[in-house]
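# Just a sequence and a predicted model for now, questions to come.
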There are 2 protein chains.
Amino acid sequence: MAAATRKSRPERREEPLSRERIVEAAIELLDTAGEAGLTFRALAQRLATGPGAIYWHVTGKDELLGAATEAVVADAMAAGVTGPTPRDAVRSVALGVFDAIDAHPWIGTQLARAPAQSPLLRIFEHLGRQVQALGVPHAAHFTAASTLLNYVLGVGGQNAANARSSQRQDTTRAEFLGEVSTAWSNLDPEEYAFTRSVAGQLRDHDDREEFLAGIDLILAGIAGITGVTARP
Amino acid sequence: MAAATRKSRPERREEPLSRERIVEAAIELLDTAGEAGLTFRALAQRLATGPGAIYWHVTGKDELLGAATEAVVADAMAAGVTGPTPRDAVRSVALGVFDAIDAHPWIGTQLARAPAQSPLLRIFEHLGRQVQALGVPHAAHFTAASTLLNYVLGVGGQNAANARSSQRQDTTRAEFLGEVSTAWSNLDPEEYAFTRSVAGQLRDHDDREEFLAGIDLILAGIAGITGVTARP
DNA sequence: AACCTTGCTGGAACGCCGTTCCAGTGTGCT
DNA sequence: AGCACACTGGAACGGCGTTCCAGCAAGGTT
């Protein structure tokens, strides 16, 4: 749009401000400095302008965060969302979201905050199509798809929280898990009997596999609805 | 603790500031004015004091929010967490959290934010015990319990977000659902085929029942793990 | 060539926030 | 009587999101 009137000049400015450039810079800021690092002042400095200029392209911080989340989620959904079977496709979609949150922890918080909006709908749609392909009866479509979505969102929020707190005291993921695991082991034996008993499973687990195990659990439940017994 | 030295005076002041009173006031503020309404200034005014005094009893806003969440969740877990069968007990625990979030939407956001901390652990423990009672093999305890927990957290976050946005434009829950449903119906038929097809199910659903249906789905999946086929 | 409109810029300023600082106060102990 | 000290509350600090507005460079109009 616009650009190149009829004369030669290819660009009239080194790099004019634009919504796209702003969102891009916001994502970089969020990735490097965390959710608290996204500031209109910091953003303005990075874009070599003032805070006021940003408001001409974006209505406020909420919209900016929304646009950033949308951009990341759209990318994640555009990438591999397929699989040989619907079951694999569900796992693939879920993993796509999981990995996106792993790479950009702030979208975990953001997805859990926003009401039924664009990025959420994208994920819901992709999950739902695979639910459909699984042969789930129509009456159960909504339940099955939103159960999957809500589980994904729950894990996402939790991962985002963990990323925040393990970054704050800059430890590695493994160290962090170890600390939490020993903390669990030291809980009151009566009040937290179960939690203590699985502290070991927390220490050794792999986040990604654990996440998939949860997806599989839900898929197994869904398979029960379809009436067709899933092969193990 | 403390109180009544040895002389008579039952209270040396009309009502001295205390951590308990502060948390209580914070909860009231959060319930009536929303998450944005909790301010040290507003809190100080409600307690007829200055912001500085509060910091003597509480280290900061994070701890205050944590304590408020803890108080509400502990109450919810203390109430009916039982049932004739482990399955009913799981539903009861989950519903307890669901209803608590319904009554205090802000804890939905808060639970999704905090890393593995006290209120979360309480819920995890209660869910886990019932998982144990279901006869799930030990190796799957962690997976089963955290799948349930993450689903509950996901729904909680979503409910909190919905409560925020339907309160902002003060509509009733039913009106809000209707609006979202028609919005879904007007989505692009190609890109959002599935979402459009379940717009009707969204409009008519009951939040609580839908939530339980998700729990049942996961329970069905868990039943598959135990090797015992669950009776429908 | 001179003018004006208009899309866009960026810095200053406003009000509110969480938090810190500190002079003051009332109580119990010696 | 005097002291120590737990506790109070108001003032002040730095930083935030947001608004306001004087300025500017390009295009179109005359």
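Nice, thanks for sending it over.
# Spit out the contact partners of the nearest residue to A:Thr182 once chain neighbours are set aside.
Closest residue to A:Thr182 apart from its sequence neighbours, by Cβ to Cβ, 6 or more residues apart in numbering or on different chains: A:Ala199 at 7.5 Å. In short, each C-beta sits where N, CA and C put it, glycine included. Residues counted as contacts of A:Ala199 (Cβ atoms under 8 Å, 6 or more residues apart in numbering or on different chains) are A:Ser181, A:Thr182, A:Trp184, A:Ser185.
# Tell me the buried residues within those residues.
Listed as buried from the contacts of A:Ala199 are A:Ser181, A:Trp184, A:Ser185; burial here means 16 or more other Cβ atoms under 10 Å in any protein chain shown.
# Please convert the residues you listed to CSV, extending it with secondary structure and distance to DNA strand C.
Formatted as CSV, these follow (DSSP: H, G, I helix; E, B strand; the rest coil; distance: Cβ to the nearest atom of the strand, whole Å):
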residue, secondary structure, distance to DNA strand C
A:Ser181, helix, 28
A:Trp184, helix, 27
A:Ser185, helix, 30
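# a markdown table for those residues, including pLDDT?
Shown next, in a markdown table, are those (pLDDT from 0 to 100):
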| residue | pLDDT |
| --- | --- |
| A:Ser181 | 94 |
| A:Trp184 | 95 |
| A:Ser185 | 95 |
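# got any ranges where chain A has weak pLDDT?
A:1-14, A:80, A:227-232 (pLDDT under 70).
# Please identify the residue of it positioned nearest to DNA strand C.
A:Gly52 (1.8 Å; Cβ to the nearest atom of the strand).
# any idea how far that residue lies from A:Val58?
12 Å (Cβ to Cβ, to the nearest Å).
# More neighbours: these two, which one.
Legend: neighbour count by other Cβ atoms under 10 Å in any protein chain shown for A:Gly52 and A:Val58, higher for A:Val58 (18 against 9).
# Quick check: closest non-adjacent residue to the more buried one.
Closest residue to A:Val58 apart from its sequence neighbours, by Cβ to Cβ, 6+ apart: A:Leu64 at 5.1 Å.
# How many residues are close by the one you found?
Counted by other Cβ under 10 Å, the residues lying close to A:Leu64 total 22.
# Tell me who's in contact with it.
Counting by Cβ under 8 Å, 6+ apart, A:Leu64 has contacts A:Ile22, A:Val23, A:Ala26, A:Leu38, A:Val58.
# Next up, the contacts around the residue nearest the centre of chain A.
In chain A, the residue lying closest to the centroid (Cα atoms, centre = their mean) is A:Ile101, at 3.6 Å. Listed by Cβ under 8 Å, 6+ apart, the contact partners of A:Ile101 are A:Ile107, A:Gly108, A:Leu111, A:Gly156, A:Asn159, A:Ala160.
# circling back to that earlier point, now distance to B:Ala44 too, for the contacts of A:Leu64, in a markdown table please.
Compiled in a markdown table, the contacts of A:Leu64 are given as follows (distance: Cβ to Cβ, whole Å):
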| residue | distance to B:Ala44 |
| --- | --- |
| A:Ile22 | 37 |
| A:Val23 | 38 |
| A:Ala26 | 34 |
| A:Leu38 | 29 |
| A:Val58 | 34 |
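# Quick check: helices, which of these are part of them?
Of the contacts of A:Leu64, the ones assigned to helices by DSSP state H are A:Ile22, A:Val23, A:Ala26.
# and these as TSV, adding distance to A:Arg203 and neighbour count?
Shown next, in TSV, are those (distance: Cβ to Cβ, whole Å; neighbours: other Cβ atoms under 10 Å in any protein chain shown):
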residue	distance to A:Arg203	neighbour count
A:Ile22	42	23
A:Val23	39	22
A:Ala26	36	24
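# from the residues you listed, which single one is nearest A:Ala44?
For the ones in helices among the contacts of A:Leu64, the minimum distance to A:Ala44 (Cβ to Cβ) is 9.7 Å, reached by A:Ile22.
# Isn't A:Ser166 up against A:Arg173?
Yes: judged on Cβ atoms under 8 Å, A:Ser166 makes contact with A:Arg173 at a distance of 6.3 Å.
# and those two? which has more neighbours close in?
Using other Cβ under 10 Å, the more surrounded residue of A:Ser166 and A:Arg173 is A:Ser166, with 20 against 12.
# Relative to A:Pro105, how far out is that one?
10 Å.
# likewise A:Gly135?
With the distance defined as Cβ to Cβ, A:Gly135 ends up 35 Å from A:Pro105.
# which one of those two has more residues nearby?
Between A:Gly135 and A:Pro105, A:Pro105 has the larger neighbour count (other Cβ under 10 Å), namely 23 against 13.
# residues in contact with the more buried one?
Contact partners of A:Pro105, counting by Cβ under 8 Å, 6+ apart, are A:Gly34, A:Asn159, A:Ala160, A:Ala163, A:Arg164.
# Same check on A:Met77?
Taking Cβ under 8 Å, 6+ apart, we find A:Met77 in contact with A:Val93, A:Gly96, A:Arg122, A:Ile123, A:His126.
# Near the second one, how many other residues are there?
Same thing as A:Gly96. For A:Gly96, the neighbour count with other Cβ under 10 Å is 21.
# before we move on, what about A:Ser165?
Number of residues near A:Ser165 (other Cβ under 10 Å) recorded here: 16.
# what do you get for A:Ala140?
Other residues near A:Ala140 number 17, with proximity taken as other Cβ under 10 Å.
# Name the SS class of the closest residue to DNA strand D within chain A, please.
Residue nearest to DNA strand D within chain A: A:Gly52 (2.9 Å; Cβ to the nearest atom of the strand). Using DSSP: H, G, I helix; E, B strand; the rest coil, the secondary structure recorded for A:Gly52 is helix.
# on that earlier part again, tell me, which of the contacts of A:Pro105 make contact with chain B?
A:Arg164 (Cβ under 8 Å from any Cβ of the partner chain).
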